[in-house]
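Engineer: Take a look and give me a structure for this.
(one chain, ligands or ions: 2)
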Amino acid sequence: MLKSEIIAQMPKVELHCHLDGSLSLSCIKELAKNAGVNITMTDEEILEKAQAPENTKNLLEYLKRFDFVLPLLQSYTNLELAAYDVVKQAADDHIKYIEIRFAPSQHLLENLSLEEAVEAVIAGLSRAENDFDIRANALICGLKQEPIQKLQKLLPLFAKIPDEHLVGFDMAGDELNYPQEKFIDLIHDLKINGVNVTLHAGECPSCEQNILDSIAMGASRIGHGIMTKNLSKAEQEMMIEKQIVLEMAPTSNFQTKAVTELAQYPFKELYDKGFHVTLNTDNRTVSATSLNKEYEKISAWYPDFSLADFEKINHYAIDGASISKEEKEQLHQSFIKEYKKISE
Ligand SMILES: O=c1[nH]cnc2c1ncn2[C@@H]1O[C@H](CO)[C@@H](O)[C@H]1O
Ligand SMILES: [Zn+2]
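Structural biologist: Numbers count the residues shown, from 1 in each chain. Ligands and ions are numbered 1, 2, ... in the order given. From the prediction side, this is the model:
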């Protein structure tokens, strides 16, 4: 098992982090002040509202927790501050590259347009890149429960916003009631426009078909993908051969009840088979975690998961990142150097 001081020093990449689920307590309070919302709660009460409890029943109950912060994320200023705040926390985790995702349609309650919501987030990411030793990009999420006409409005954003920070698309939200096939045409249109696609899939018990459908639709990464463990040998081999990246998030995966016992959690089993597994927070606030804590958890659960193994999953994450070949090569080289230093 690795010491937490070692884990803290390790450079990391995070591919799966939701903006609205990851705000620090001080940021939540600042956003409330800006939004003219008088929060009369203590810090503990705020966190109790924003965090998912251990006994969360399923994914839908987990997603209910976002209702608390979303009303505070309705202005350009607050979205910019929120993006900055999450990148700052990531820098504290010694993350060198992060992709932060959010659903622009959830930030239009006041008078922002979809475009302005994305621009606000990008502005916050850019400001944080100037202040910290980290690169941060944005992914746009559609929500599975949204009508398809509404989801189609997200497609033009990629042409309208030529900023290099906007690097991909995801479908998040209610996997229990909305199977992946609903989005075949939408994802097809995104893919022919050259948009990178990662999709939440296989996060709910018996949802493994969504993983296969996502890959057939052209997703190169899968959000969580826990139910990969239920797929046949041939299906798993196909995923390994395609080097599909699995964006796992241990704390969240137990809270949403993807699994309930460690013996069912497939992280190590899939890693040993050669899957490109990666470690992520999903939601720092809702899951009361950080990337360092997720690494500590994995190290405690699988004491023989070594520094070299952690380095390997970071190289998998770099390979799966939505960045240029040159940026990947730079990250690979600097991670090799840094991990070597730590091992000495
Ligand atoms: O683990 C997850 N599974 C599915 N949807 C999620 C998860 N975490 C967050 N969101 C959803 O994504 C939206 C945009 O960030 C959040 O508002 C939440 O509804
Ligand atoms: Zn997620």
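Engineer: Point me to the residue of the stretch 101-250 of the chain nearest ligand 1.
Structural biologist: Scanning the stretch 101-250 of the chain for proximity to ligand 1 using Cβ to the nearest ligand atom identifies residue 172 as nearest, at 3.5 Å. From N, CA and C alone the C-beta is placed, and that goes for glycine too.
Engineer: Please name the bridge partners of that residue.
Structural biologist: When bridges are called by DSSP bridges, residue 172 pairs up with residue 143.
Engineer: go on, residue 199?
Structural biologist: What pairs with residue 199, by the bridge criterion (DSSP bridges), is residue 222.
Engineer: Need the pLDDT of it.
Structural biologist: What the model reports as pLDDT for residue 199 is 98.
Engineer: Quick one: neighbours of it, just the number.
Structural biologist: 30 (other Cβ atoms under 10 Å).
Engineer: Contact partners for it?
Structural biologist: 170-171, 180, 183, 187, 210, 214, 217, 219, 221-223 (Cβ atoms under 8 Å, 6 or more residues apart in numbering).
Engineer: Closest one of those residues to residue 125?
Structural biologist: Nearest to residue 125 among the contacts of residue 199 is residue 170, at 16.1 Å by Cβ to Cβ.
Engineer: And the contacts of the host helix or strand of that closest one?
Structural biologist: Element membership for residue 170, per DSSP states H and E: strand 166-172. Residues outside strand 166-172 that contact it (Cβ under 8 Å, 6+ apart): 18, 99, 101, 103, 118, 122, 137-144, 154, 157-158, 180, 183, 187, 190, 195-200, 223, 322-323.
Engineer: next helix or strand past it?
Structural biologist: Using DSSP H and E, the helix or strand that follows strand 166-172 towards the C-terminus is helix 184-192.
Engineer: got the residues of the stretch 151-300 of the chain near ligand 1?
Structural biologist: 172-173, 200, 203, 252, 282-283 (Cβ under 6 Å from any ligand atom).
Engineer: Kindly recompute the last result at 8 Å.
Structural biologist: 172-175, 200, 203, 223-224, 249, 252, 256, 282-283, 286 (Cβ under 8 Å from any ligand atom).
Engineer: I'd like those residues as CSV, with neighbour count and distance to residue 330 appended.
Structural biologist: Shown next, in CSV, are those (neighbours: other Cβ atoms under 10 Å; distance: Cβ to Cβ, whole Å):
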residue, neighbour count, distance to residue 330
172, 23, 29
173, 20, 34
174, 15, 38
175, 27, 35
200, 29, 29
203, 27, 32
223, 28, 26
224, 27, 28
249, 28, 26
252, 26, 30
256, 27, 35
282, 30, 27
283, 28, 29
286, 27, 32
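Engineer: Among those residues, list the two that are farthest apart in space.
Structural biologist: Pairwise distances among these were taken by Cβ to Cβ; the largest, 17.4 Å, belongs to 174 and 249.
Engineer: coming back round to it: with respect to residue 233, which of the contacts of residue 199 is nearest?
Structural biologist: For these, the minimum distance to residue 233 (Cβ to Cβ) is 18.1 Å, reached by residue 222.
Engineer: hey, where'd the strands end up in the stretch 1-150 of the chain?
Structural biologist: Taking DSSP state E, counting those that start in this stretch as the criterion, the stretch 1-150 of the chain contains strands spanning 12-18, 95-102, 135-143.
Engineer: As TSV, those strands with distance to residue 54 and mean pLDDT would be great.
Structural biologist: Listed next are these as TSV, based on distance: least, Cβ to Cβ, whole Å; pLDDT from 0 to 100:
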stretch	distance to residue 54	mean pLDDT
strand 12-18	20	99
strand 95-102	25	99
strand 135-143	25	98
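Engineer: Which positions in stretch 231-244 come out as buried?
Structural biologist: Residues 231, 236, 239, 244 are the ones in stretch 231-244 that count as buried (16 or more other Cβ atoms under 10 Å).
Engineer: Residue 40 versus the third one, what's the distance?
Structural biologist: Same thing as residue 239. Going from residue 239 to residue 40 by Cβ to Cβ, to the nearest Å gives 50 Å.
Engineer: where in the stretch 201-344 of the chain is pLDDT low?
Structural biologist: Applying pLDDT under 70 to the stretch 201-344 of the chain picks out no residues at all.
Engineer: wait, what's in contact with residue 183?
Structural biologist: Neighbours of residue 183 in contact, by Cβ under 8 Å, 6+ apart: 142, 144, 148, 151, 171, 199, 217.
Engineer: Could you do residue 115 as well?
Structural biologist: By Cβ under 8 Å, 6+ apart, residue 115 lies in contact with 157, 160-161.
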